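>>> Below: sequence and its predicted model.
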Amino acid sequence: MSLKKITLLKEKIEDFNSYPFSLPFIQHMDQLDLEYPVTFFVGENGSGKSTLLEGIAYQCGFHTAGGSRQNSYKLDQSESALGNYLRLSWLPKLTNGFFLRAESFYNFATHIDETEKIRSTEYSNYSGKSLHHRSHGESFLTLFTQKFASARGQSIYLLDEPEAALSPARQLSLMRIIKDLSPRSQFIIATHSPILLGYPDAEIISFDQDQLQPIDYQDTDHYQITRRFLENPKRILAELFHDDD
């Protein structure tokens, strides 16, 4: 594990009432220590987990719409609002890695097509064909199994909701990929997936309180709500739709 600490440079923030500095976790954050090769960010929509992950990607030099240090392409709103207010502490410093942003992956795939027109490398890092010529889930897995696996040396991978394109079975495949790569790589993953959160020997950081804090897998809403539903879907649906009777 190489990225040891994320420090928020509060002295540089001029207005805590503007987004994203108005987010509760930023109001209370000084630093976040990372102690595991795999760390998950969890929280409700709008809690700020993707915002922090994007800021980390910015400080790593990765394209904030998705990509690595080698990827450069234009996309509106790809500038991180938080990135300039973070300091990353490394041992050792890593330059290899990738930021996967599910919501803008289409743009990354288009960028790769445009790059291939110039380089003509026959999609050597992507199993020989365009990511657009695969299903969404297949293109994600191609990135994981080909691009990530071919990286040399230690790497850091920042994944923002990778489950968005993956079936439950494919999410299990991603867990296997993480396991295979984790001896020489570090992962920070923002997710809503109760499957991915079950990855063993990982730390889960909750964004649902004012302060960032570790949480046990079984205590996450993702686990508890999913378990309640699977154990008794009729009861949950009856409670959900009771006003319609």
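Now that the structure is in, tell me what you want to look at. The structure presented is a predicted model; accordingly, all values stated were derived computationally and were not measured.

>>> Mind exporting the C-alpha coordinates of stretch 167-174 to PDB?
In PDB, the C-alpha atoms belonging to stretch 167-174 read as follows (Å, rounded to 0.1, in the frame of the first residue of the first chain):
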ATOM      1  CA  SER A 167     -24.100  -8.100 -13.300                       C
ATOM      2  CA  PRO A 168     -23.800  -9.800  -9.900                       C
ATOM      3  CA  ALA A 169     -21.700 -12.600 -11.500                       C
ATOM      4  CA  ARG A 170     -19.400 -10.000 -13.100                       C
ATOM      5  CA  GLN A 171     -19.100  -8.200  -9.800                       C
ATOM      6  CA  LEU A 172     -17.700 -11.500  -8.400                       C
ATOM      7  CA  SER A 173     -15.300 -11.600 -11.300                       C
ATOM      8  CA  LEU A 174     -14.200  -8.100 -10.400                       C
END
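
>>> mean confidence for that stretch?
Mean pLDDT, computed over stretch 167-174, is 94.

>>> In it, which residues are buried?
Of the residues in stretch 167-174, Arg170, Gln171, Ser173, Leu174 count as buried by neighbour count, 16 or more other C-beta atoms under 10 Å. For every residue, glycine as well, the C-beta is placed using N, CA and C.

>>> Tell me the one of the residues you listed nearest Leu159?
Compare each of the buried residues of stretch 167-174 with Leu159 using C-beta to C-beta and the shortest gap goes to Leu174, at 8.7 Å.

>>> Surely the closest one and Phe144 touch.
Yes: with contacts counted by C-beta atoms under 8 Å, Leu174 reaches Phe144, the gap being 6.2 Å.

>>> Kindly check the end-to-end length of stretch 36-56 for me.
16 Å (C-alpha to C-alpha, to the nearest Å).

>>> I should have written stretch 95-115 there, sorry.
End-to-end for stretch 95-115, by C-alpha to C-alpha: 21 Å.

>>> ditto for stretch 142-161
End-to-end span of stretch 142-161 (C-alpha to C-alpha): 16 Å.

>>> packing partners for the one helix or strand in the chain whose mean pLDDT sits lowest?
Lowest by mean pLDDT, DSSP states H and E among the helices and strands of the chain is helix 105-119, with a mean of 72. Packing partners of helix 105-119 (3 or more C-beta pairs under 8 Å, 6 or more residues apart in numbering; DSSP states H and E): helix 136-142.

>>> ok, 6 Å please
Contacting helix 105-119 under the criterion 3 or more C-beta pairs under 6 Å, 6 or more residues apart in numbering; DSSP states H and E is no other helix or strand.
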